[in-house]
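Undergrad: Below are the sequence and a predicted model for it; my questions follow.
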Amino acid sequence: MRFVIPIMLASLAGASSAAEPLPPNPQLPLFHGRMPPGAIAATRQMMAMPQHPGIMPAGPYFQPVRFEGPDGLQFSLAQMGQFGEPQSELMAGLMVGQVYRFKITGLPSAEGAELFPTIEMVDRTYPPPGLATSYPIQVAIDEIDIASALDGQMVTRVIYLEDPQTAVPLRQPASGPVPIDVGESEDPLHMADRLGRVVAIVRIGSLAPPRARSLMPTFLFGSPPWAPIFKPESTSSTASESVHVHR
């Protein structure tokens, strides 16, 4: 297992055999890393709903997320039941409480291979007003994640917002977060919960799309709406960004 510590957002990653799930963790009876995609986000959303009649819950929030990886890697999200055009650096607003299936192509040392991970949006960040797209959740897929998934393992990345009182004072290099190995018996969700507030869970395995078209909606978790974030071609630091929701 490995976990990653950037300046503000961090993630823990654990790789385990699909046939050998992590043992139960008695210290975390409600949530654990072996739960299926969507279970944690749905439960968290129910817990956050107002308990008093007459109070309307807040509307959906599209949390900015940036996908990136080694040179040549490309990402695409599903819309209307199929994957869109691949991009080397994909940035989009994903709705909190939903699960998204995305596709990774251009894998290094695996020409023609594809991976179909999921990202479960558990919570959101609270950046300064007007700067939401300047502080996205970073999903950085590295070569170790790819090799583990192609080898038949399930890689679970738990992305969390660090607790400023307990955060490790390390400067993030330009290349991105630094991976640190942890014990294989650790539950990454349990560990992230102790270190901060979980905002997203990325699961990377070897699962491929079903052959039957009737099963695609389930595979894509219903293709929830997302908002691509476009940056205009400008070097000005004050250039605005536009968002349009895809359903």
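TA: Sure thing, it's come through.

Undergrad: all strands of this protein, in order?
TA: 2-4, 9-17, 62-68, 74-79, 82-83, 90-95, 99-105, 118-121, 137-140, 153-162, 179-181, 196-204, 226-230, 242-243 (DSSP state E).

Undergrad: which residues touch L115?
TA: K103, I104, L107, I146, A149, L150, I204, G205, S206 (C-beta atoms under 8 Å, 6 or more residues apart in numbering). C-beta: built from backbone N, CA, C; applies to glycine.

Undergrad: of those residues, buried ones?
TA: Those of those that meet the buried threshold are K103, I104, L107, I146, A149, L150, I204, G205, by 16 or more other C-beta atoms under 10 Å.

Undergrad: Excluding chain neighbours, what is closest to the second one?
TA: Think I104. Spatially, and ignoring its direct neighbours in sequence, I104 is nearest to L115 (4.3 Å; C-beta to C-beta, 6 or more residues apart in numbering).

Undergrad: before we move on, what about the third one?
TA: Nearest-residue entry for L107: A113, 5.0 Å, with adjacent residues in sequence omitted and distances by C-beta to C-beta, 6+ apart.

Undergrad: May I see the strands of the chain arranged in TSV, with distance to T218 and mean pLDDT as well?
TA: TSV is the format used below for the strands of the chain (distance: least, C-beta to C-beta, whole Å; pLDDT from 0 to 100):
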stretch	distance to T218	mean pLDDT
strand 2-4	31	47
strand 9-17	24	57
strand 62-68	22	95
strand 74-79	12	94
strand 82-83	14	92
strand 90-95	18	95
strand 99-105	10	96
strand 118-121	12	95
strand 137-140	23	91
strand 153-162	19	86
strand 179-181	32	56
strand 196-204	16	90
strand 226-230	18	89
strand 242-243	28	42
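
Undergrad: Those into JSON lines, with extra columns for distance to H190?
TA: JSON lines is the format used below for these (distance: least, C-beta to C-beta, whole Å):
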{"stretch": "strand 2-4", "distance to H190": "12"}
{"stretch": "strand 9-17", "distance to H190": "9"}
{"stretch": "strand 62-68", "distance to H190": "23"}
{"stretch": "strand 74-79", "distance to H190": "28"}
{"stretch": "strand 82-83", "distance to H190": "33"}
{"stretch": "strand 90-95", "distance to H190": "24"}
{"stretch": "strand 99-105", "distance to H190": "20"}
{"stretch": "strand 118-121", "distance to H190": "16"}
{"stretch": "strand 137-140", "distance to H190": "20"}
{"stretch": "strand 153-162", "distance to H190": "9"}
{"stretch": "strand 179-181", "distance to H190": "16"}
{"stretch": "strand 196-204", "distance to H190": "10"}
{"stretch": "strand 226-230", "distance to H190": "29"}
{"stretch": "strand 242-243", "distance to H190": "34"}
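
Undergrad: Out of those, which gets nearest to A41?
TA: For the strands of the chain, proximity to A41 was assessed by C-beta to C-beta; strand 118-121 is nearest, at 5.1 Å.

Undergrad: The closest one packs against which elements?
TA: helix 39-48, strand 62-68, strand 90-95, strand 99-105, strand 196-204 (3 or more C-beta pairs under 8 Å, 6 or more residues apart in numbering; DSSP states H and E).

Undergrad: Can you tell me the strand partners of it and which way each runs?
TA: Note on strand 118-121: by DSSP bridges, its sheet partners are strand 99-105 (antiparallel), strand 196-204 (antiparallel).
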